[in-house]
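Peer 1: need the 3D shape of this:
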Amino acid sequence: MLTTATPISEVSCAEIATVNKPIQQDQPAARDLWQKLRAGFELEQYFDHPAVVQARQDYASDPALITLIQERASLFLYEILAELDKRDMPTELALLPVVESNFNPAASSGKGAAGHWQFMPNTARRWGLQQDWWYDGRHDPMASMKAALDYLEMLNQRFAGDWLLTIAAYNTGATNVNRAIRRRERAGKQADFWALPLASETRNHVPRLLAVASVVNDPSLANAQFASIPDRPALEKIDLDVQIDLDMASRLAEMNESSLRFLNAGYRQWATHPDSPQHLYLPATNARKLRLALAQTDPDSLVAWKRYEIKPGDNLSRIAKRFNTRVDVLQRVNDLRDTRIFAGAFLLIPLDSMDAQAQIPVINRAAARPVLSGSYTVRPGDTLHAIARRLRLSLVEILDWNQLSTTDTIYPGQRLRVAAPADVE
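Peer 2: Numbers count the residues shown, from 1 in each chain. Predicted coordinates:
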């Protein structure tokens with residue numbers, strides 16, 4: 001499940017984490033989350049293994065990465081440690097998202113793994129993570145954390161309490177680890193993790209986790225410094241009973257939309273799920289503002305819609321493609337039992353919030369396509385929403401120009417066609 005994750009563009013984790021401001025060094029020492037993490041370590045006997053020392057040198061050579069990890073971990077560490085404490089599991093496991101995704105909830109790998117804990121789709125479903133058009137629980141930091149710990153508990157039972165074999169199996173699968181064990185045993189040789197003939201990715205994966213833990217345990221090993229993180233939640237959960245447009249939620253909460261999406265990366269579209277889940281995680285200050293604003297806002301205005309008059313020759317499939325949505329979504333929104341529609345009638349179309357604010361008119365895009373003289377090269381961590389906002393363009397148009405949908409994956413270096421004016425690199 002190893003992947004190389006990249007930062008979300010336009011997201012400052014340090015800014016999001018201001019609710020958990022680091023304690024100044026001249027203040028009296030207090031129990032913080034790093035101390036709590038160290039107190040629960042159970043694998044220190046491996047911290048000086050040669051493979052761990054080598055992996056630690058890699059982290060020591062990248063101080064910017066250690067800083068980024070601290071900022072991101074500060075947002076989620078409290079909940080992970082609380083769950084590990086309930087289950088009496090080693091706290092080194094709280095650092096597994098560092099190795100899996102650099103603590104990036106939006107991370108995806110080329111193999112199809114996703115989220116903090118890099119779940120593959122089938123494994124995620126097996127452990128109860130919801131995946132549909134609106135929502136992918138693999139990208140939900142809290143939901144995926146509980147599923148990952150459930151999975152790790154099961155693997156640990158299978159491997160008789162051996163945490164190194166457990167972590168290896170999390171990366172490569174229990175079948176591969178068992179096969180490697182049997183090969184060693186048939187040869188009459190030692191069958192602990194360090195001796196197993198596993199893929200190089202897995203052989204490196206476990207030492208990398210132990211290396212991160214050893215640096216947290218003794219920052220001087222990597223010439224690092226760890227700012228104190230108060231032992232309290234960095235985020236609050238707001239339970240909603242209606243669907244809400246994420247851009248509107250960010251404005252009501254008075255926070256950057258990219259930051260809100262980073263914390264709630266499970267939502268794949270422009271809004272929360274129409275059924276479930278309908279919750280948001282926000283820093284305390286923003287959560288308070290959102291609660292106050294919601295109490296004064298008409299629930300019917302929380303999702304952006306367009307009223308579209310059906311034209312002769314229209315069908316649901318064409319309309320769904322034009323507005324970058326799906327036929328089943330249009331059916332649900334408009335309470336349609338089948339796909340029959342009639343010219344002159346009206347449909348409610350859920351819109352991306354940027355389009356709703358601009359009130360983009362319905363046009364025949366094939367007949368009124370602008371000159372596409374510009375281009376944009378995708379940067380690490382970019383999302384289609386962030387690109388549209390940065391370039392002050394419509395998300396729907398960008399998707400249309402590049403024959404993409406909101407479920408498509410973009411990658412660093414990919415060139416997107418955009419309308420004039422000019423190149424924006």
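Peer 1: all strands of this protein, in order?
Peer 2: Remark: strands assigned in the chain by DSSP state E are 236-239, 279-282, 305-309, 346-350, 374-377, 415-418.
Peer 1: who wins for proximity to L68 among those?
Peer 2: Closest approach to L68 among the strands of the chain is made by strand 279-282 (19.5 Å; CB to CB). Placement of C-beta: from N, CA and C, glycine included.
Peer 1: partner strands of the closest one, parallel or antiparallel?
Peer 2: Sheet pairing for strand 279-282, assigned by DSSP bridges, gives strand 236-239 (antiparallel).
Peer 1: would you map the helices across the stretch 101-250 of the chain?
Peer 2: Per DSSP state H, counting those that start in this stretch, the stretch 101-250 of the chain carries helices over the ranges 121-126, 141-158, 163-172, 174-186, 200-217, 246-252.
Peer 1: got the angle for the third one vs helix 200-217?
Peer 2: Taking axes from the mean of the first three to the mean of the last three CA atoms, to 10 degrees, one finds that helix 163-172 is oriented at 130 degrees with respect to helix 200-217.
Peer 1: what packs against helix 163-172?
Peer 2: Counting contacts by 3 or more CB pairs under 8 Å, 6 or more residues apart in numbering; DSSP states H and E, helix 163-172 is packed against helix 141-158, helix 174-186, helix 200-217.
Peer 1: winner for burial among the strands of the chain?
Peer 2: strand 279-282 (a mean of 22; mean count of other CB atoms under 10 Å).
Peer 1: chain center to that one, what's the gap?
Peer 2: Between the centre of strand 279-282 and the centre of its host chain there is 13 Å, according to CA atoms, centre = their mean, to the nearest Å.
Peer 1: state the mean pLDDT of it.
Peer 2: Averaging pLDDT along strand 279-282 yields 97.
Peer 1: kindly report the same for stretch 62-76.
Peer 2: Here the average pLDDT along stretch 62-76 is 89.
Peer 1: okay, buried residues for it please.
Peer 2: Neighbour-count burial for stretch 62-76, counted by 16 or more other CB atoms under 10 Å, picks out 66-76.
Peer 1: re the thing from before, just name the most buried of the helices and strands packed on helix 163-172.
Peer 2: By mean count of other CB under 10 Å, those have helix 200-217 as the most buried, with a mean of 22.
Peer 1: contacting residues for T166?
Peer 2: By CB atoms under 8 Å, 6 or more residues apart in numbering, the residues touching T166 are 152, 155-156, 159.
Peer 1: in terms of pLDDT, where does it sit?
Peer 2: pLDDT, T166: 98.
Peer 1: gap between it and T175?
Peer 2: Plainly put, T166 is 14 Å away from T175 if you go by CB to CB, to the nearest Å.
Peer 1: still on that earlier bit, ranking the strands of the chain by mean pLDDT, which is last?
Peer 2: strand 305-309 (a mean of 76).
Peer 1: run the angle between that strand and strand 346-350 for me.
Peer 2: Going by the same axes, to 10 degrees, strand 305-309 makes 150 degrees with strand 346-350.
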